[in-house]
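Enquirer: model this:
(one chain, ligands or ions: 1)
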Amino acid sequence: MTVAQLGQLNLDELPPLRGSSRTLDRFQKLEQIGEGTYGQVYMGKEVMTGEIVALKRIKTENEKEGFPISAIREIKVLTRLHHENIVKLKEVVISQDGNNQLAATKESSDNNKYNGGVYLVFEYMDHDLTGLSDRPGLRFTVPQIKCYMKQLLTGLHYCHANEVLHRDIKGANVLLNNNGSLKLADFGLSCSSHLCRENFTNRVVTLPYRPPELLLGATNYGPAVDIWSAGCIFAELLHGKPIMSGRNEPEQLHKIFELCGSPDEVNWPGVSKIRWYNNFKPARPMRRRLREVLRHFDSHALDLLDKMLILDPSKRISAKDALAAEYFQMEPLPCDPKSLPKYEASHEFQTKRKRQQQQLNEETAKRQNLRCPPPHARLPPIHHSGQVLQEHRPERNLSMNQLQRPLPTLPSNPYSEPLVDAGLSNRYPPSMNLTVGYNQTHGVQAQAGGTSIGPYPPHGRVGPYAASNMINRSTTPCYAAGPPGFSHRGPNPIANIRNQQYGWQQ
Ligand SMILES: Nc1ncnc2c1ncn2[C@@H]1O[C@H](COP(=O)(O)OP(=O)(O)OP(=O)(O)O)[C@@H](O)[C@H]1O
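Expert: Predicted coordinates for the structure are as follows:
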């Protein structure tokens, strides 16, 4: 596996795009495999060669300002990055006219309508990590997890060595193929130091993978943000499900504090100067419990995870150092990617759809049962001798995946006290009615049936790119104006050693 050297990119290299001469009618749409913020992704076939590709349609119809900035960014970055662990952008094609239809298709004519616009043509990958891990009964082995993590970190190291932050590492953006290759995709939020150097936006990275420095409002950050997200993926692979998924930013921070401890000037020098620190600082310190909670992990895996999920980004391990971790040198060794099992294609979009369909079917069946219950539905069943008892097992509704993974629960509240005492209350101003587990006494009293919390602090500084795109990428709603006391806009003082290591500007 090649590991990038600093400055390895040849910026003068011609992009792999073949200009705008090729049009979409050279491709046959096979099926939809993804639905992103910025458009749909289809599996397609190049009619002439029969090559299978992924076609990402760039939605332009909702864009007030023309071509979306995320697409420009993705094209720009991917024309510079060429690595076996980065998805290959093959070309950009356009449709000749707005009513064009894709060449003969398998799906219904409605689905084939092409509304005009631009498509990015990527090499096709059979799965994304979220879709694959959602397969019922699938459990990765230790050599497989090592193999995937090694490739993920190699791809990240290549990006970081070339001054690119991905800023949206999550399972759905980690693509896998049946040759065992893993590739990073979706560079729509990425940031190159050639385009922007400091005062980045902190509204990046999907919530469960977002690092504490961004949640606390840092606008000067570096590659460590991607390492945190990669650490969350690593833990998810080992644990079988996400380890920290908050429904909103305050809750996400609280989950981080529960597992990784709360930040202070001792474990994270400079943290108190980060914009929103005082708003989120727990009233009482919370100790780090990661090793305790995840003690069922293999010790080398735990050592590495411990270094990836360090609160202070300047102490977080780099991708390069993570690749040298004992975890990858110890038996069982990472398996050869080619030896990885081949699975039927699985993308998050499809597995989500299947799940929704299943839920719908179950609800319909339930409703039908309610309307005409089976005779004597309330009477206990009659058991004949020799008959196998049909136990009532609510877990029958769970997927095989869930059944096979008896998981220890993460601490919900290490102090067994209401969350208000963890000090996260009183900090969220009252304009947004999110029902969460936090008590709210700042300006608005707790409401019946849930508590109301206010908006998360406003954007630190909208990055070098259009803000609207950034905000919409978050899994959480947009937030209105911030509370009093959020006006501090001084530079983030965290000394980012990692940035220096990669030659990043502070
Ligand atoms: N090259 C590819 N091969 C196969 N599937 C792909 C490919 N690129 C993307 N996909 C599928 O489409 C999904 C969405 O793609 P992508 O993340 O690039 O779109 P997006 O609009 O930027 O989405 P998001 O809103 O999640 O950021 C991926 O999770 C993946 O399942």
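
Enquirer: would you mind pulling up the elements that the strand or helix carrying residue 230 packs against?
Expert: Taking DSSP states H and E as the definition, residue 230 sits inside helix 224-239. The contact analysis (3 or more Cβ pairs under 8 Å, 6 or more residues apart in numbering; DSSP states H and E) places helix 224-239 against helix 129-133, helix 142-161, helix 212-215, helix 299-308, helix 319-323. Every C-beta, even on glycine, is put in place using the N, C-alpha and C of the backbone.

Enquirer: right, and those - which one's nearest residue 246?
Expert: Closest to residue 246 of the helices and strands packed on helix 224-239 is helix 212-215 (Cβ to Cβ; 9.1 Å).

Enquirer: which residues sit against the closest one?
Expert: With Cβ atoms under 8 Å, 6 or more residues apart in numbering as the contact definition, helix 212-215 has outside contacts at 202-205, 221, 224-225, 228, 249, 252-253, 256, 260, 263, 274, 276, 280, 311, 313, 494.

Enquirer: does residue 246 really touch residue 254, like I thought?
Expert: Yes - counting by Cβ atoms under 8 Å, residue 246 touches residue 254, with 6.8 Å between them.

Enquirer: tell me which of those two has more neighbours.
Expert: Per other Cβ atoms under 10 Å, whichever of residue 246 and residue 254 has more neighbours is residue 254, with 26 against 20.

Enquirer: the helix or strand hosting that one to helix 224-239, inter-axis angle?
Expert: Using DSSP H and E, residue 254 sits within helix 249-260. In terms of direction (axes from the mean of the first three to the mean of the last three Cα atoms, to 10 degrees), helix 249-260 departs from helix 224-239 by 70 degrees.

Enquirer: please name every helix or strand in contact with helix 249-260.
Expert: Against helix 249-260 (3+ Cβ pairs under 8 Å, 6+ apart) you get helix 212-215, helix 290-293.

Enquirer: for residue 308, which non-adjacent residue is spatially closest?
Expert: With sequence-adjacent residues excluded and distances taken as Cβ to Cβ, 6 or more residues apart in numbering, residue 308 is closest to residue 231, at 3.1 Å.

Enquirer: okay, now the one you found: neighbour count?
Expert: Using other Cβ under 10 Å, residue 231 is surrounded by 26 other residues.

Enquirer: so for it, what's the pLDDT?
Expert: Among the per-residue scores, residue 231 shows a pLDDT of 98.

Enquirer: tell me the contacts of it?
Expert: The contact partners of residue 231, by Cβ under 8 Å, 6+ apart, come to 305, 308, 309.

Enquirer: rewinding a little: name the residues of the helix holding residue 254 that are buried.
Expert: Of the residues in helix 249-260, 249, 250, 251, 252, 253, 254, 255, 256, 257, 258, 259, 260 count as buried by neighbour count, 16 or more other Cβ atoms under 10 Å.

Enquirer: and it, what's its mean pLDDT?
Expert: Average pLDDT, helix 249-260: 97.

Enquirer: surely residue 157 meets residue 323?
Expert: Yes - counting by Cβ under 8 Å, residue 323 is a contact partner of residue 157 at 6.4 Å.

Enquirer: where along the stretch 1-150 of the chain do the helices fall?
Expert: 69-80, 109-112, 129-133, 142-161 (DSSP state H, counting those that start in this stretch).

Enquirer: may I have the third one exported as PDB, CA atoms only?
Expert: Coordinates of the C-alpha atoms in helix 129-133 are reproduced here as PDB (Å, rounded to 0.1, in the frame of the first residue of the first chain):
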ATOM      1  CA  LEU A 129     -19.400   0.900   5.000                       C
ATOM      2  CA  THR A 130     -22.800   1.800   6.600                       C
ATOM      3  CA  GLY A 131     -24.700  -0.200   4.000                       C
ATOM      4  CA  LEU A 132     -22.400  -3.200   4.300                       C
ATOM      5  CA  SER A 133     -22.400  -3.200   8.200                       C
END
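
Enquirer: which strands or helices does that helix pack on?
Expert: strand 174-176, helix 224-239, helix 348-371.

Enquirer: show me the contact partners of it.
Expert: The set of residues external to helix 129-133 that reach it, using Cβ under 8 Å, 6+ apart, is 138, 140, 148, 170-172, 174-176, 182, 233, 236-237, 343, 346-351, 401.

Enquirer: the longest strand in the chain is where?
Expert: Taking DSSP state E as the criterion, the chain has its longest strand at strand 27-36.

Enquirer: so which bits of that one are buried?
Expert: Neighbour count says strand 27-36 has 27, 28, 29, 30, 32, 33, 34, 36 buried, by 16+ other Cβ under 10 Å.

Enquirer: farthest-separated two in these?
Expert: 28 and 36 (21.3 Å).

Enquirer: tell me which parts of the stretch 101-250 of the chain are close to the ligand?
Expert: 122, 123, 124, 125, 128, 131, 172, 173, 175, 185, 186, 188 (Cβ under 6 Å from any ligand atom).
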